[in-house]
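**Student:** requesting a structural model of the entry that follows:
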Amino acid sequence: MSRRDLHEVALPRERAWLAGAPRKGSRDAKHAEEHLDELARLADTAGAIVVGRVLQMVQSPDPHFFLGKGKVEEVRARIAESGATLLLFDEELSPSQGRHLEEALAVRVMDRTELILDIFALRARSHEARTQVELAQLRYLVSRLTRMWVHLSRIRGGIGLRGPGETQIETDRRAIRQKIGHLKKELEQVTEHRARTRSRSRERDLLRIALVGYTNAGKSSLLKALTGAAAHVEDRLFATLDTLSRETVLSGTRVRFTDTVGFIRKLPHDLVASFRATLEEALEADVLLHVVDAAHHAWEDQAQVVHAALEDAGVDATHRVVVALNKADLLAEDDRAERLALAEAHGWEAVLASAVQNNGTDDLVRRLVRDDEAGETGARPG
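**Tutor:** Residues are numbered from 1 along each chain as shown. The predicted structure follows:
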């Protein structure tokens, strides 16, 4: 039984309420219900049962509760009535806002960042992924010790270094920073190892292709379809976190595919920073294969989220990008043509494909392994 299975069997599923409070007139406000739907999927991935949701457009976040005081009273009554023990907040809360909400609602409160970190901790398998997640968690925790002091027992170990006149929180903060320094050194060694691996790949004249995309876009399924290699496939957000590389021969060309971590709206900055070594695989690849869930109603917005994250990581116009409009089997013929036309209007080098039915993969292979000098460099989604 896997670690994930043990978690889901051993722990009861918490009953959770969802809360969203986008600013009035913002882009998030226009897609508020859709964002709460995504938060519900994250909750399910983390093992919670969603029993209710609340949405309030705010002019500006309340410094104490983020929500308005009247809305907090309403939420408290509805949570008590439903028997929920957890509130999941779609916005990032300050330490004081989280503390005040927990006191007012008498339930645990987790913001979107904390929930994603929790999912990553649950899903990480390899030592590298666990190290990356732990580093991100500690970076998140260091500014929230007053509210989250109860979690320190899991990470303090036997450090026990207390100086004269220090408060316990100061001691814990120093211990966490020491641990962060240790983890960063470990990941620097990972970066060096990956650099050596990439150097050997160049010497072997491999075509290096990095798969990127929004979470649950079907990257693992497409990797399996292209290489025939076993890959974990599950219809949940962040089903896989560990970097997976597979080599194969496509149209006479030796290719190494690397599946990278999926992106999502409001992906925590500390998490992106911790997965820097993984993202360098995308920066150093010969081709980026951007997998898009073409059947999703917000597929263009999801593609833009990935584009922005890659741009922040250093991907620029010199990187060649091929866009796989995946899950085309779920679309009607007219919708497929529309998706492809819109993608081409964005300037993307796009191919319709279905990893599940293995359709469109031949065309995709031809695009991936073509001589770069035979055609123009593909544009980045954006």
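**Student:** neighbours of Ser60, how many?
**Tutor:** For Ser60, the tally of surrounding residues (other CB atoms under 10 Å) stands at 8. All C-beta spots, glycine's among them, are computed from the backbone N, C-alpha and C.
**Student:** got the phi/psi numbers for it?
**Tutor:** Dihedral pair for Ser60: phi -150, psi 150, per degrees, to the nearest 10.
**Student:** now do the contacts for the spatially closest residue to it that is not a sequence neighbour.
**Tutor:** Distance criterion CB to CB, 6 or more residues apart in numbering; nearest residue to Ser60, sequence neighbours excluded, is Arg23 at 7.1 Å. Shown in contact with Arg23 (CB atoms under 8 Å, 6 or more residues apart in numbering): Ala29, Met57, Val58, Gln59, Ser60, Pro61.
**Student:** flag the shaky bits of this structure, pLDDT-wise.
**Tutor:** Counting by pLDDT under 70, the chain shows low-confidence ranges at 1-12, 145-169, 194-195, 197-204, 230-243, 273-278, 371-382.
**Student:** tell me where it has strands.
**Tutor:** 15-20, 49-55, 86-89, 108-111, 207-213, 244-250, 253-259, 287-293, 320-326, 350-352 (DSSP state E).
**Student:** which strands and helices lie in contact with the fourth one?
**Tutor:** Spelled out, that is strand 108-111. Applying 3 or more CB pairs under 8 Å, 6 or more residues apart in numbering; DSSP states H and E, we find strand 108-111 packed against strand 86-89, helix 95-105.
**Student:** likewise the first one?
**Tutor:** Judged by 3+ CB pairs under 8 Å, 6+ apart, strand 15-20 is in contact with helix 32-46, strand 49-55, helix 69-82, strand 86-89.
**Student:** how about a markdown table for the ones you listed, with distance to Thr171 and mean neighbour count added?
**Tutor:** Below are the helices and strands packed on strand 15-20 laid out as a markdown table (distance: least, CB to CB, whole Å; neighbours: other CB atoms under 10 Å):
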| stretch | distance to Thr171 | mean neighbour count |
| --- | --- | --- |
| helix 32-46 | 31 | 19 |
| strand 49-55 | 38 | 17 |
| helix 69-82 | 34 | 15 |
| strand 86-89 | 29 | 24 |
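**Student:** do you know which of the ones you listed lies nearest Arg13?
**Tutor:** Of all the helices and strands packed on strand 15-20, it is strand 49-55 that lies closest to Arg13, at 4.9 Å by CB to CB.
**Student:** adding distance to Val305, write the strands of the chain out as CSV.
**Tutor:** Converted to CSV, the strands of the chain look like this (distance: least, CB to CB, whole Å):
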stretch, distance to Val305
strand 15-20, 17
strand 49-55, 21
strand 86-89, 20
strand 108-111, 18
strand 207-213, 10
strand 244-250, 22
strand 253-259, 18
strand 287-293, 11
strand 320-326, 14
strand 350-352, 17
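**Student:** still on that earlier bit, of the helices and strands packed on strand 108-111, which is nearest Ala19?
**Tutor:** strand 86-89 (4.9 Å).
**Student:** if we can go back for a sec, out of the contacts of Arg23, which are buried?
**Tutor:** By neighbour count, with 16 or more other CB atoms under 10 Å, the contacts of Arg23 hold Ala29, Val58, Pro61 as buried.
**Student:** the last one contacts Phe89, doesn't it?
**Tutor:** No. In this structure, Pro61 is not within contact of Phe89 by CB atoms under 8 Å, at 10.8 Å.
**Student:** need the residues touching each of the two.
**Tutor:** Joint contacts of Pro61 and Phe89 (CB under 8 Å, 6+ apart) are Ala21.
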